[in-house]
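>>> Quick one: sequence and predicted model below, then my questions.
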2 protein chains.
Amino acid sequence: MKQKKFILEESEIPRRWYNIQADMPNKPLPPLHPGTRQPLGVDDLAHIFPLECCKQELNTTDRFIDIPEPVLEKYKYYRSTPLVRAYELERALGTPAHIYFKNESVNPLGSHKINSALPQCYYAKEEGTTNVTTETGAGQWGAALSYAARVFGLEAAVYQVKISMQQKPYRSMIMRTFGATVEGSPSMSTRAGKDIITRNPMHMGSLGTAISEAVELAMTTPGCKYTLGSVLNHVAIHQSIIGLEAEKQMEMAGEYPDTVIACFGGGSNFGGIAFPFMRHNIKDGKTTEFIAAEPESCPKLTRGRFEYDFGDEAGLTPLLPMFTLGHDFRPANIHAGGLRYHGAGMIVSQLIKDGLMHGVDIPQLETFEAGVLFARTEGIIPAPESSHAIAATIREALKCKETGEEKVILFNLSGHGLIDMTAYDQYICGDLQNYQVSDEEIAKNKIGA
Amino acid sequence: MKQKKFILEESEIPRRWYNIQADMPNKPLPPLHPGTRQPLGVDDLAHIFPLECCKQELNTTDRFIDIPEPVLEKYKYYRSTPLVRAYELERALGTPAHIYFKNESVNPLGSHKINSALPQCYYAKEEGTTNVTTETGAGQWGAALSYAARVFGLEAAVYQVKISMQQKPYRSMIMRTFGATVEGSPSMSTRAGKDIITRNPMHMGSLGTAISEAVELAMTTPGCKYTLGSVLNHVAIHQSIIGLEAEKQMEMAGEYPDTVIACFGGGSNFGGIAFPFMRHNIKDGKTTEFIAAEPESCPKLTRGRFEYDFGDEAGLTPLLPMFTLGHDFRPANIHAGGLRYHGAGMIVSQLIKDGLMHGVDIPQLETFEAGVLFARTEGIIPAPESSHAIAATIREALKCKETGEEKVILFNLSGHGLIDMTAYDQYICGDLQNYQVSDEEIAKNKIGA
């Protein structure tokens, strides 16, 4: 019988993260203070983030960073995640391609987000923090942070986008089960929230409102730090555990990927699977193709501009060098809540500029068609976000069917869709639609200060 | 670092199931025809079940049964499941006991039910069946069957208890995503359903109504077979893969269990983890204690009678020799829907009679307290059913704390609770309660024909 899954012994789980900043031909541009437009240093960022995360954020020299022992101990709870050969999907497509996926949905929280939640909480605790706070949209990051906070004995307060709280009620229940406080944003618990509600009592929230509230809580509460689940460089460093494991597992399978694919919101799962392989393009002459799959309705990689822009809608963050649709771009209400973000992380933005990777945009209906096919062949109902990666993989595999190429395609299954079943039900009942964005809609949004 | 998880290579996954009927000191009594009270043979059962399942059902001689290759191929999708040492739970309890759990929640369907759904559908397909049908309460079995039917190219129709469909809507969405037809029972699609609705238009269903409808569909539809997720002997045979793997994995951990614990509804996950170890009590002089954890509100093992009784409320099945509360016993509306069943399987009933295992009954609030502690220590939100096993494990571990014994305790985590989050939310909000059953309530129910 052919081997289906490749799993590492616990002793083989990587003990260091990979930091692609050390190998990039052009380093990412620095974040800037919005008033002075001066580059920000570690100390500037450390007002709201754990210090060690700030150091990693700006670390462009160390290729590898040791994973702290207590984080490694917790990684063992669910790592290594399996690398799986998708034989049934290949058969259904009739493709000669070899399709592999890294299954990050196999962990207690249901997505890759836990890989960064654990170190962020660990560093916060080590530095004397007692409380952490964050925002969450779909809730994958909020759930992971709630668990990680509990693990390291921190209190957690999560601002969840109010509309998302109503659409996916199970996620806030998961956070509360781990002991976190969950507030729908905008809330009456912060100045920012009160102001928003005063102006618009029926505001159903956005990542922008939730970030404002979490940042305010962190800045006004002694012993409280803010954490973020994507976009930033240190998050990509933590997520590199995905690709480092996959590298060893592909070796077990006796193959090396011609194509690496992940869905793209802020870049955390994409960077996680892609960067450890991309270094071999940069340093060892490999020619792997890297594809970031974004929603047609939020096409920052394929149709955005590379500019300094705010990371949040309200303009409270530093200016970040990113491919962006404008910080007040409002993505359509697609079910892949984790991909509804206007900008790309700094590292990825530079890599796109340098031609080391590229984006593709996928219509919502194509992602659900891909998700249902994957469920019915490989047995796993994927998160709507991850279905973007599956759809892009199917496109590549069907090209191989035409050309006869036996390409090796690797994608990251970033999470499962068990909390998103209403979306699948709507799809099966024919109640979902695609959302195109016109050039005018993109052009009208604000970029920069 | 201490090893946390023990996982088998794919080549080490057992290739044969274990059939404890071959080793039992007293064989289970045979099922009887309710009219003639004559023992039923393979041919009698084969009217509604796949033939091979009927043969296994009455096979008291073959200790091991080969797992068909196509089923093994599909087992590889999620097996081996990890054996995990619960270090954090041990620490939280301050117990010297070594607590291990077999994590059957790590599969695409979320519970152990898939282990038997795959072979039942495989045999049905091999025998020329085109359609399968079943009933489901909480929906774990229905979800597993829907996936397995899809795998082997069968159409599936699932009758789900109507009240359960409303309480856990995601489960029916999962079934539909795999392509199954799901009907709330009682439905207007069968004679039995229509009769029930005619008598009581607001009837919210029970396993009794759903079994009646599924059996009727199988009996009146050419090419359609009925499948069952628990209670019967062939289901326990299929589930033995759990314990056979655990045996090898405990050996990797260098330990042997003093106590084996599982929750108990009809006996499928209990038999799965327990029987492969129990054979060493029967044959090799081991003295492991086997504990089946049932709800306080449905205490068939601890307070039921050993009698011939119907397997369903309506009295359509053969008479089965079982510990029973009476086939019209109505369990309280606890959240562990999978444990709300009036009788125990034939094998387990005989084993209890022979003193090889025993039951404990656990109040609902104790199970949720255990489930939340487990989530906060081990990171996995357990199914309400599985929390019964965790609660029983905690009781045993706290006894060890008193006595200082370093007992090795193994329990089966039969499934995760991600689809049951409303129950956790109710618990955290203080909205759940215990349900005691009086002797009078038990005494008034019907047992036998």
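Okay, I see it.
>>> I'd like the distance between residue A:121 and residue A:138.
20 Å (C-beta to C-beta, to the nearest Å). (Each C-beta comes from the backbone N, C-alpha and C, glycine too.)
>>> in the stretch 301-449 of chain A, which spans are helices?
Ranges of helices within the stretch 301-449 of chain A are A:346-353, A:364-378, A:384-403, A:421-428, A:439-443, based on DSSP state H, counting those that start in this stretch.
>>> looking at the ones you listed, which is closest to residue B:116?
For these, proximity to residue B:116 was assessed by C-beta to C-beta; helix A:364-378 is nearest, at 20.2 Å.
>>> can you list the residues that contact that closest one?
Residues from elsewhere that reach helix A:364-378 (C-beta atoms under 8 Å, 6 or more residues apart in numbering or on different chains): A:84, A:86, A:88-89, A:91-92, A:101, A:295-297, A:334-336, A:380-382, A:384, A:386-388, A:390-391, A:393-394, A:417, A:423-424, A:427-428, A:432-435, B:77, B:108, B:150, B:177-179.
>>> For ChimeraX, write the select line for the buried members of those residues.
Typed into ChimeraX, the line below selects the buried ones among these, using 16 or more other C-beta atoms under 10 Å in any protein chain shown:
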select /A:84,86,88,89,92,101,295,296,297,334,335,336,380,381,382,384,386,387,388,390,391,393,394,417,423,424,427,432 /B:77,108,150,177,178,179
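>>> What is the burial count for residue A:9?
Using other C-beta atoms under 10 Å in any protein chain shown, residue A:9 has 10 neighbouring residues.
>>> er, residue A:43 I mean
Residue A:43, neighbours per other C-beta under 10 Å, totals 9.
>>> what about the nearest residue to it once chain neighbours are set aside, distance to residue A:234?
In space, and not counting its chain neighbours, residue A:43 is closest to residue A:54: 7.9 Å by C-beta to C-beta, 6 or more residues apart in numbering or on different chains. As judged by C-beta to C-beta, residue A:54 and residue A:234 stand 8 Å apart.
>>> the more surrounded of the two?
The neighbour count for residue A:54 versus residue A:234, taken as other C-beta under 10 Å, is higher for residue A:234 (26 against 22).
>>> Return the residues in contact with that one.
Per C-beta under 8 Å, 6+ apart, neighbours of residue A:234: A:53-54, A:56-57, A:116.
>>> Make sure it is indeed in a strand.
No: counting by DSSP: H, G, I helix; E, B strand; the rest coil, residue A:234 is not found in a strand; it is helix.
>>> could you dump the helices of the stretch 301-449 of chain A to JSON lines with distance to residue B:183?
Supplementary listing: these in JSON lines, determined by distance: least, C-beta to C-beta, whole Å:
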{"stretch": "helix A:346-353", "distance to residue B:183": "48"}
{"stretch": "helix A:364-378", "distance to residue B:183": "21"}
{"stretch": "helix A:384-403", "distance to residue B:183": "27"}
{"stretch": "helix A:421-428", "distance to residue B:183": "16"}
{"stretch": "helix A:439-443", "distance to residue B:183": "44"}
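>>> need these in JSON lines with mean pLDDT, can you?
Below are the helices of the stretch 301-449 of chain A laid out as JSON lines (pLDDT from 0 to 100):
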{"stretch": "helix A:346-353", "mean pLDDT": "97"}
{"stretch": "helix A:364-378", "mean pLDDT": "97"}
{"stretch": "helix A:384-403", "mean pLDDT": "98"}
{"stretch": "helix A:421-428", "mean pLDDT": "94"}
{"stretch": "helix A:439-443", "mean pLDDT": "93"}
